[in-house]
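Undergrad: Below are the sequence and a predicted model for it; my questions follow.
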Amino acid sequence: MLLKTDVKRRNLTPPTGAPVAGLPPTRRAGGARREVSERVYFHQGEREIIGWALNISRGGLRAILEDPVELGAQFQIAVGEGGSRRPGRIVWIQDEPDGAIVGVSFLDDPPDAATPLHGV
């Protein structure tokens, strides 16, 4: 049984002060999030990590990975098989018993609003 105390979350940026009533506790500069359920490919040199994207925005994504990654690690990331790669950095990791949920910030300019987020 997974208890809240079993989960460990690490961030590149520590929390700053108390949350403001009515505002979300995180910064969402990457635009609206869209729920997805697609394979995501993290490439780092010859290393490839395959996971599942949970949601995506123009500025980043959230994914489930079974293989370990380091906070701050940079990857070329493709969503969907054959998707174009975008540079991204791991900005938070939530350790789980069977892997981790990670937050990724894309390091390039977001595609314009007319470009679909799928296969970014």
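TA: Yep, that arrived. None of the values given here were measured: they were computed from a predicted structure.
Undergrad: Give me the three-state assignment for residue 13.
TA: Following DSSP: H, G, I helix; E, B strand; the rest coil, residue 13 is assigned to coil.
Undergrad: cool, and residue 70?
TA: Reduced to three states with three-state DSSP, the structure at residue 70 is coil.
Undergrad: Could you double-check that it lies in contact with residue 90?
TA: Yes: contact between residue 70 and residue 90 holds when scored by Cβ atoms under 8 Å: they sit 6.9 Å apart. In this view, the C-beta of every residue, glycine as well, is placed from N, C-alpha and C.
Undergrad: more neighbours, those two?
TA: residue 90 (22 against 9; other Cβ atoms under 10 Å).
Undergrad: can you tell me how far the closest residue to that one other than its chain neighbours sits from residue 33?
TA: Leaving aside its sequence neighbours, residue 90 sits nearest to residue 73 (Cβ to Cβ, 6 or more residues apart in numbering; 5.0 Å). Taken as Cβ to Cβ, to the nearest Å, the spacing of residue 73 relative to residue 33 amounts to 22 Å.
Undergrad: ditto for residue 53
TA: If you measure residue 53 against residue 33 using Cβ to Cβ, the figure is 11 Å.
Undergrad: Then residue 97?
TA: The gap separating residue 97 from residue 33 is 25 Å, by Cβ to Cβ.
Undergrad: who's more crowded, those two?
TA: More neighbours surround residue 33 than the other of residue 97 and residue 33, with 17 against 8 (other Cβ under 10 Å).
Undergrad: Low-confidence stretches in this protein?
TA: Counting by pLDDT under 70, the chain shows low-confidence ranges at 1-7, 14-31, 110-120.
Undergrad: the helices in it, which residues?
TA: In the chain, no helices are found when defined by DSSP state H.
Undergrad: Now do stretch 96-105: distance to the chain's middle.
TA: 8 Å (Cα atoms, centre = their mean, to the nearest Å).
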